[in-house]
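A.B. asks: Fold the following.
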Amino acid sequence: MSERLYTVSELGRDLNITPRAIRFYEDKGLITPQRAGTTRVYGHRNRARMMLILRGKRLGFSLVEIKRYLDLYDADVTHRSQQLLLLERVSERVRDLKQQREAIDQTLAELTEIHAQVQAALDNEAGRRAAD
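C.D. replies: Prediction:
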């Protein structure tokens, strides 16, 4: 049974991304299409790699980090190195996001306080005008 092959347009439709995005990841060395004559075709492996790339980007990892992770898959048949790297990077990402959430919560609290102060000042001013 032969492997299902995708053209750049088909793969893009399948993954809900543009052909240009696929070519970008190809240019960065993250995927390597096969050739059917002059046409680029992408098999199951490239599709799976694209899914990992997109997931990594969605989770906030850089292309360098994603490439390092994908390269480990080929280098270590046990995938232990890949799993250890993923565990380390995910832990770091969770820590970073928690710090960002704390900073956002502090900023929201400060903005809410400023909003209340300005609203109270405007309400006081409107009350004074109405009394005059």
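A.B. asks: Now V8. Nearest residue, chain neighbours left out?
C.D. replies: P19 (4.4 Å; C-beta to C-beta, 6 or more residues apart in numbering). (C-beta placed from N, C-alpha, C; glycine too.)
A.B. asks: Give me the neighbour count for M50.
C.D. replies: Number of residues near M50 (other C-beta atoms under 10 Å) recorded here: 23.
A.B. asks: so it makes contact with I22?
C.D. replies: Yes - with contact defined as C-beta atoms under 8 Å, M50 reaches I22; the gap is 6.9 Å.
A.B. asks: Now for these two: what residues contact both?
C.D. replies: Taking C-beta atoms under 8 Å, 6 or more residues apart in numbering as the criterion, M50 and I22 both touch L11, I31, Y42.
A.B. asks: ranking the residues you listed by neighbours, who comes first?
C.D. replies: Busiest of the shared contacts of M50 and I22 [other C-beta under 10 Å] is Y42, holding 25 neighbours.
A.B. asks: dump the residue contacts of that one.
C.D. replies: L5, Y6, T7, V8, L11, I22, I31, P33, Q34, M50.
A.B. asks: hmm, try it at 10 Å
C.D. replies: Listed by C-beta atoms under 10 Å, 6 or more residues apart in numbering, the contact partners of Y42 are 4-8, 10-12, 14-15, 22, 26, 31-34, 49-50.
A.B. asks: Thanks again, I'm all set now.
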